[in-house]
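[1] Take this sequence and fold it.
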Amino acid sequence: MNSTALKSPLTDSPVAPRSRQSREERRQQILDATLRCVRRSGFHGASMADIAAEARMSVGVIYRYFANKEAIIEAIVANDLAEMRAKFAEWDDTPDDQLLDQILLTVDFALDHKYGPDKSALALEVLAEAARNPRVAAIVQAADVQERELGRNLCDRLNPGCDRKRMDARGEIIGMLFDGMMIRAVSNPDIDREALANELREVLKVLFLLK
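    Below is the predicted model of the structure:
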């Protein structure tokens with residue numbers, strides 16, 4: 001038998017032979033399996049047994065990596081936040097007078113990230129669970145604090161010395177716009193993405209540049 005990585009029957013991506021998988025690879029395999037299970041069955045419908053079957057592992061192995069489903073969700077949220085931090089880090093060396101243009105160039109990336117049915121389904125499941133589960137609420141709220149701080153640092157560069165309350169309020173409106181995409185991706189998945197991106201850039205120009 002060929003010893004190279006095998007194709008997973010669940011995705012088109014190669015899966016390393018189990019004996020050669022690192023701890024991080026196994027951990028990511030569990031996270032990916034959870035994403036699929038939650039999208040398919042909802043947070044409560046996706047049992048640890050379902051996740052284990054999807055990941056092609058025993059339940060005991062899953063518990064070696066994560067104490068419960070909340071811990072898995074926390075890791076998924078952390079991954080999303082790390083991706084966001086990486087995107088923000090790309091702007092660290094951008095001159096302040098070019099910063100807004102660079103931010104607006106990422107609108108297409110943001111639309112792909114937020115305005116997709118798979119990501120939206122998962123995010124809405126997590127938010128719904130956060131509304132009734134204090135442990136999940138704490139995970140979501142902690143991530144939101146970090147996201148707002150990243151956005152506040154950008155606004156400080158775009159508007160030195162601006163009024164903090166106004167800046168925070170506009171940051172909240174920007175958050176509403178992007179988080180609202182998750183709902184619109186379900187309600188209106190066939191929107192003209194190019195037209196949406198163009199208009200969104202115009203709205204962001206107004207919101208980012210305080211007057």
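[2] So what touches stretch 107-125?
    35, 38-39, 42-43, 76, 87, 178-179, 181-186, 189, 191, 193, 196-197, 200-201, 204 (C-beta atoms under 8 Å, 6 or more residues apart in numbering). C-beta here means a position set from N, CA and C on the backbone, and glycine is covered the same way.
[3] What distance do you get for the residue nearest in space to the middle of the chain to residue 26?
    Compute the mean C-alpha point of the chain, and by C-alpha atoms, centre = their mean the closest residue is residue 80, 3.8 Å away. For residue 80, the distance to residue 26 equals 20 Å [C-beta to C-beta, to the nearest Å].
[4] give me the element the residue nearest to the centre of the chain is part of.
    helix 69-89 (DSSP states H and E).
[5] Tell me the gap between that helix and the middle of its chain.
    Distance of helix 69-89 from its chain centroid, counting by C-alpha atoms, centre = their mean, to the nearest Å, is 6 Å.
[6] mind listing what's buried in it?
    69, 70, 72, 73, 74, 75, 76, 77, 80, 81, 84, 88 (16 or more other C-beta atoms under 10 Å).
[7] With distance to residue 58 and pLDDT added, can I get those residues in CSV?
    Shown next, in CSV, are the buried residues of helix 69-89 (distance: C-beta to C-beta, whole Å; pLDDT from 0 to 100):
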residue, distance to residue 58, pLDDT
69, 16, 88
70, 20, 89
72, 16, 90
73, 21, 87
74, 22, 90
75, 19, 91
76, 21, 88
77, 25, 89
80, 27, 86
81, 30, 88
84, 33, 86
88, 39, 88
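[8] can you list those in JSON lines and add distance to residue 97?
    As requested, the buried residues of helix 69-89 are exported to JSON lines (distance: C-beta to C-beta, whole Å):
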{"residue": "69", "distance to residue 97": "46"}
{"residue": "70", "distance to residue 97": "44"}
{"residue": "72", "distance to residue 97": "43"}
{"residue": "73", "distance to residue 97": "40"}
{"residue": "74", "distance to residue 97": "39"}
{"residue": "75", "distance to residue 97": "38"}
{"residue": "76", "distance to residue 97": "37"}
{"residue": "77", "distance to residue 97": "34"}
{"residue": "80", "distance to residue 97": "30"}
{"residue": "81", "distance to residue 97": "28"}
{"residue": "84", "distance to residue 97": "24"}
{"residue": "88", "distance to residue 97": "18"}
